[in-house]
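> sharing a model that was predicted from the sequence below.
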Amino acid sequence: MYSKNIVDHFGDVPDPREDNRRHLLLDIIAIVICASICGAQKWDDIEAFGRAKEAWLRRFLTLPHGIPSHDTIARVFSRLDPEALNERFVAWVSAINPKYEREEVNIDGKTLRRSHDGANGKSAIHMVSAWANRAGLTLAQVKVAEKSNEITAIPELLKMLELSGCVVTIDAIGTQPDIAEQIVDGEADYVLALKGNKSLHHEQVKLFFDQIETDHETAALCDYHKTVNKDHGRIEIRECWATDDLSWLEGRERFKGLSSICVVKSQRTIGEQTGTRYLYYISSLPADAKQLAHLVRAHWGIENSLHWVLDLAFREDECRKRKDNSAENFAILRHITLNLLKQEKTCKRSIAGKRLLAGWDTGYMEKVLFSG
């Protein structure tokens, strides 16, 4: 169907139903993907989409008993094994990924705010995702286990990825020796944030860079890069200092491949108000201030191009799917949908605009489905 890759990679998802299989599992998954592309989020809206587009869907799907009811769709998605679905998702993304040289892989977490179920003692689901910044694709995601945090989820996520030649960026929670070692062993580089990390004396790094604007000898040890951006009455000055002189840094040997540290000073002026912040990082890359400044800024790609889009265009934070595996499975489906829309390059509209167009124009819908 709907793209060779979708059939190849999702056609063998294990069916959780032991009996009463009136509707093919791949048909159900395909209907949900198509409905999601066009903006449907509720189970009854997905059924309504299927009935409205049944004649078109029959060009690609078997539909032996017509369009399944919203109760059937919801029941199947609550029982699907999310690990199996995610495994197929990762394989599919690997197949469509253009695999840019020196890809920037941003890793960050996001809570599905309405996925909590207080009546049954379930807290909101927290997912950690890997975003390929240059390709514009979600590479993989894992759910953070109950009563755990991202430190345990990130290594599981890294295991899913082909990292060779990439640069991995992670916020301070991921600045752990084991995580750095896993990245280097995967033939990749890292840029990891420092913010109160006990494992590598964040204060030492801060004190070192505190001297750069007053001590010429310290500044001479650093590579330096500066950018100035002006836009709509806002001025942002970003400066980066980086050094590979780490002989004084306690604990450096714990981080495999550690080659440099850097600070990024960001000063933003809007009208009469000016704010300044300093961000500190360790990296396995050389002390190239321009490159490191770019990678620090590129890390925001996962916020701007993934999390923000999921909230704005997909209303992820408003999604109330909670029963069994529904929230996690539908989160994976949203990533499939977003990847498909991102890969379709002929339309220059926003993601929300592309979704509207796909609902209006089945020709464009087929472009989205076949873009992989």
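Yep, it's here.
> what segments of the stretch 101-250 of the chain are helices?
Assigned by DSSP state H, counting those that start in this stretch, the helices in the stretch 101-250 of the chain fall at 150-159, 177-185, 202-210, 216-220.
> got the angle for the second one vs helix 150-159?
Right, helix 177-185. Put simply, helix 177-185 runs at 10 degrees to helix 150-159, going by axes from the mean of the first three to the mean of the last three CA atoms, to 10 degrees.
> for helix 177-185, what is the average pLDDT?
Helix 177-185 shows a mean pLDDT of 97 in the predicted model.
> nearest residue to residue 194 in space, please, no chain neighbours.
Closest residue to residue 194 apart from its sequence neighbours, by CB to CB, 6 or more residues apart in numbering: residue 280 at 4.2 Å. From N, CA and C alone the C-beta is placed, and that goes for glycine too.
> which ones are touching that neighbour?
Shown in contact with residue 280 (CB atoms under 8 Å, 6 or more residues apart in numbering): 193, 194, 195, 202, 205, 206, 209, 261, 262, 263.
> so what's residue 149 scoring on pLDDT?
80.
> surely it meets residue 173?
Yes. Residue 149 is in contact with residue 173 according to CB atoms under 8 Å; the separation is 7.1 Å.
> the more surrounded of the two?
residue 173 (20 against 13; other CB atoms under 10 Å).
> which non-adjacent residue is nearest that one?
residue 150 (5.0 Å).
> what's the spacing between the residue nearest to residue 194 and residue 255?
According to CB to CB, to the nearest Å, residue 280 stands 14 Å off from residue 255.
> show me the shaky parts of the stretch 201-350 of the chain.
312, 315-323 (pLDDT under 70).
> hey, where'd the strands end up in it?
Counting by DSSP state E, counting those that start in this stretch, the stretch 201-350 of the chain has strands at residues 223-231, 234-243, 260-270, 273-283.
> got TSV for the ones you listed, with distance to residue 359 too?
Shown next, in TSV, are the strands of the stretch 201-350 of the chain (distance: least, CB to CB, whole Å):
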stretch	distance to residue 359
strand 223-231	33
strand 234-243	36
strand 260-270	38
strand 273-283	41
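> neighbours around residue 18, how many?
Neighbourhood size, residue 18 [other CB under 10 Å]: 6.
> tell me the SS of it?
coil (DSSP: H, G, I helix; E, B strand; the rest coil).
> looking at it now. What's its pLDDT?
pLDDT, residue 18: 83.
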